[in-house]
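J.: Got a predicted model here, sequence first, then my questions.
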Amino acid sequence: MPRRWFPTLRRPAPATKSAPDYAFNWAPAGVHRARPWSVERAVRDGMERAVWIYKAVDTISNHAADRPLRVRRRSGTSDEPLPPHDVHPLYRAMNVRANPAEGAWVFKKRVSMQLLLSKRGVFLEPTFSRGGDLLRIDLLPPGRTRPVPSTGRDLISHFETVTITGELRRLDVDQVRWIRNPHPLDPYSGITPLEAAGLSADLDFFTRHYNLSFVNNDARPGGVIGIDGDMEDDELRLLRSKFGTGPSAAGAWTVLSGGNVTVTDTSVTPRDMAYETVAAISKVELLAAFGVPESQLGNASGRTFDNARAEKTTFWEITMPPHLRLIAAAFQDDADDDNEVYFDTSDVDVLREPRTKRLSEAREEVAAGVRSVRSYAELAGYADEIDDTPATRALWLASGRTALPARAADAPDLNTTTPPPAPPAAKTLTPAADLVLDETAADSLRGRLDDALQALATRWTERTIARLNSPRYRKGTRHWDHRGDTTARTGAKDLPVDQVIDVATWQQEAAQALQPLIEQAATTAATELHTALGATNTSTVAVWPALAPLLTTWLAGQARALADDAASADREGKSLAGIAEATRDWGRALANWASITAGHLATATIESARDQAAASSRTGLVRRWVAHDDGRTRPDHDEADGQTQPYDQPFTIGDDPLRHPGDTTAPPGQSANCRCRLAWRLER
């Protein structure tokens, strides 16, 4: 049976031998070209001759070959893309094997390199079975393939390619996938980085070539020795042999026969032609044209980690996306209008950072009660794992984890009523009735402060350990062992623990983390009291100025405790690992201190804010001390349970006067870790 009956073995369309009747440098009227860089010249004089062009093209094409090609449904109005199809005819050709001679990785790499080097672009010829299935994709030679302009309304009449045997093949438009970086004026041509950076490529080559000629041939004599008079041939050869040429004698002197000796210095060095400056400028221009930072070529010297990270982000956000889109767009007609073809870059770490940040913000929105669990699941891409129920649709208020139904019909399933209305601006109070205030405000703030302090405690602990291991602080101590050097800077000094522990930075970081939380909670508590009283005026409360000095003093004490532990471990002869373990022991103790401090700050913030708000409100307010009854309450606080005082009179707790629970002016034994609260009411 003839081979043409087997789709998978079908031969290309018959070719007819004829001479092409067109010039490959065709250009429309009025379009003037710069000096052209044909694909053959781009490979010969660029990629195979200039190291920076080779490395830039190789880097971009390697990344393009590593990316799998996917097909997915268009996401429509959604900001989040839909998942890819599990199976598609393009998968095998672009991710497994493109044709019998090339695997998909090599094929994609060649496509990418041709796109960067070929002014005409890349020409692909897909082969389909009779059933319409894609069987293979072949690359046509870009130097011998061209689009033929149409004389009608269509842009292209057909494509023509010359085979290796000189035969001219005519291919219909739908038989070729044409990829090129579009030219701004000529629709039948592309544009490559070498069009703009060609002069830099030539300059880089000729500069290197000139320098090589200088080394090999001295470029010109390093000096001339003239001898006035005659010399014997043997003497002349002996004298010349002492001044040879070539790499080992670059810049040497040349001897000429004669009588009296005269010397003329004509030596030259590479600096005379500013080789280093020219080479550096050429490198910058070439890499800028291709959009590849030097750190992405494997050389990150002279850059900080953040700078190298920024260059990687720039490379993946500016250079690679349009390059990959040009290749993927060539197969769009093979994926149907409802689908889109794309290269999967989801595993590129620098491209995941914006999404990671957005998901982190969404989790905070869920915790704050302004986003539902279902909404977050849809954003994160696992909505199919979360059932659409009243509980997942509801907004869960942070205070007490109270559900705010999204629909009135969801209220019965959440054991609540219809969504609560917004609190009124003012209301009429019943005398002797307790004001309705959020009893969990201090607990909620305590949790947020505790989380912030725990994170800071971990940061301070690990930063201290890192500094202890730094050569800067180990120099001159018995702990010096920098890369095997145990003698040069080893001494008998103690570890400079006072320099290692930066308490000023601790205090600054604690203020930056805690002050916004405390001020926000204080404002909310004061506003709540004003609303409960039906007052229309508001007052500014200043809680942080009273708490900041206490926090500064507490942190200074913790720093002294750590310094004492580290210095004691050093004096006992412990190794750096032993001192680090002692530091971590302190860190675990600091975590307990953080929880106690968070409770103290939270209680003081809420009660102090309400106390200041009451001072600017109406008279007749009284407060009742409400102890936290769980068996861990201080006896003095338990005995004070129910004690009532006017808002401007202190409570008597044991032998001490306290304005409110957590009073910062009270002795620490009465205020630290206090979990009591005040109940407010209006009397006639």
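T.: Received, thanks.

J.: Specify the local secondary structure of the closest residue to P193 other than its chain neighbours.
T.: Nearest non-adjacent residue to P193, counting by Cβ to Cβ, 6 or more residues apart in numbering: A289, 3.9 Å away. Any C-beta I mention is one placed from the backbone N, CA and C, and that applies to glycine too. Following DSSP: H, G, I helix; E, B strand; the rest coil, A289 is assigned to helix.

J.: count of residues packed around A289?
T.: 20 (other Cβ atoms under 10 Å).

J.: go on, the one 10 residues further on?
T.: Taking other Cβ under 10 Å as the neighbour definition, N299 ends up with a count of 12.

J.: in a helix, that's where it is, yeah?
T.: No - residue state for N299 (three-state DSSP) corresponds to coil; a helix is not indicated.

J.: okay, it: pLDDT?
T.: In this model, N299 is scored at 83, pLDDT.

J.: could we number from 45 for the rest of this?
T.: Sure, I'll start counting at 45 from here, so that last one is N343.

J.: mind listing what's buried in the longest helix anywhere in the chain?
T.: Secondary structure of the chain per DSSP state H: the longest helix is helix 620-659. Along helix 620-659, these residues count as buried under the neighbour rule (16 or more other Cβ atoms under 10 Å): 620, 623-624, 626-628, 630-631, 634, 637-639, 641-658.

J.: for stretch 688-706, same thing?
T.: Of all the residues in stretch 688-706, those buried under the rule 16+ other Cβ under 10 Å are Q689, Y691, F695, I697, D700, L702, R703, H704, P705, G706.

J.: Among those, find me the one that's closest to P185.
T.: G706 (81.5 Å; Cβ to Cβ).

J.: quick one on the thing from earlier: can you tell me which two in the buried residues of stretch 688-706 are farthest apart?
T.: Top of the distance list for those (Cβ to Cβ): Y691 and D700, 18.8 Å.

J.: three-state assignment of the residue most central in space within the chain?
T.: Central residue of the chain (Cα atoms, centre = their mean): V394, 3.9 Å from the mean position. For V394, the assignment made with three-state DSSP gives helix.

J.: Show me what the helix or strand that comes right after the longest helix of the chain is packed against.
T.: Downstream of helix 620-659, the first helix or strand assigned by DSSP states H and E is strand 665-670. In this structure, strand 665-670 makes packing contacts with strand 688-690, strand 695-697, strand 721-726, judged by 3 or more Cβ pairs under 8 Å, 6 or more residues apart in numbering; DSSP states H and E.

J.: Now render those as JSON lines, adding distance to A245.
T.: Output for the helices and strands packed on strand 665-670, formatted as JSON lines (distance: least, Cβ to Cβ, whole Å):
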{"stretch": "strand 688-690", "distance to A245": "86"}
{"stretch": "strand 695-697", "distance to A245": "84"}
{"stretch": "strand 721-726", "distance to A245": "76"}
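
J.: Of all the ones you listed, which one comes closest to A379?
T.: Taking the helices and strands packed on strand 665-670 one by one with Cβ to Cβ, strand 721-726 is closest: 63.6 Å.

J.: same for the closest one, what does it pack against?
T.: helix 620-659, strand 665-670.

J.: That one versus helix 620-659: what angle between them?
T.: 10 degrees (axes from the mean of the first three to the mean of the last three Cα atoms, to 10 degrees).

J.: now the angle from strand 721-726 to strand 665-670?
T.: 150 degrees.

J.: In strand 721-726, which residues are buried?
T.: R721, L722, W724, R725, L726.

J.: How about stretch 220-234?
T.: V220, R221, W222, I223, R224, N225, H227, Y232, S233, G234.

J.: does the third one sit in a helix, a strand or a coil?
T.: By that I understand W222. W222 - assigned by three-state DSSP - is strand.

J.: shouldn't it be in contact with E169?
T.: No - counting by Cβ atoms under 8 Å, W222 does not reach E169; the two are 10.5 Å apart.

J.: can the helices and strands packed on strand 721-726 go into JSON lines with extra columns for distance to Q559?
T.: Below are the helices and strands packed on strand 721-726 laid out as JSON lines (distance: least, Cβ to Cβ, whole Å):
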{"stretch": "helix 620-659", "distance to Q559": "11"}
{"stretch": "strand 665-670", "distance to Q559": "27"}
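
J.: can you put those in JSON lines and add mean pLDDT and distance to P711?
T.: Below are these laid out as JSON lines (pLDDT from 0 to 100; distance: least, Cβ to Cβ, whole Å):
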{"stretch": "helix 620-659", "mean pLDDT": "84", "distance to P711": "12"}
{"stretch": "strand 665-670", "mean pLDDT": "86", "distance to P711": "17"}
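
J.: need the contact list for R511.
T.: Counting by Cβ atoms under 8 Å, 6 or more residues apart in numbering, R511 makes contact with Y517, V544.

J.: So for the helix or strand hosting S488, mean pLDDT?
T.: Assessed by DSSP H and E, S488 sits inside helix 485-512. For helix 485-512, the mean pLDDT works out to 83.

J.: With stretch 417-427 instead?
T.: 75.

J.: Pull the distance from it to the chain's centre.
T.: Averaging C-alpha positions (Cα atoms, centre = their mean, to the nearest Å) puts stretch 417-427 23 Å from its chain's average.

J.: Tell me which residues of that stretch come out buried.
T.: V417, R418, S419, Y420, A421, E422, L423, A424, A427.

J.: Stretch 128-135 too?
T.: P128, H132, P133, L134, Y135.

J.: Tell me the pLDDT of A555.
T.: A555 is given a pLDDT of 86.

J.: Packing partners of the helix or strand hosting it?
T.: Per DSSP H and E, A555 falls inside helix 547-576. Helix 547-576 sits against helix 485-512, helix 588-615, helix 620-659, with contacts defined as 3+ Cβ pairs under 8 Å, 6+ apart.

J.: I'd like these as TSV, with distance to V95 appended.
T.: Shown next, in TSV, are the helices and strands packed on helix 547-576 (distance: least, Cβ to Cβ, whole Å):
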stretch	distance to V95
helix 485-512	39
helix 588-615	51
helix 620-659	44
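
J.: of all those helices, which lies closest to I545?
T.: Nearest of those to I545, taken as Cβ to Cβ: helix 588-615 at 5.2 Å.

J.: what's that closest one packed up against?
T.: Partner elements for helix 588-615 (3+ Cβ pairs under 8 Å, 6+ apart): helix 485-512, helix 541-544, helix 547-576, helix 620-659.
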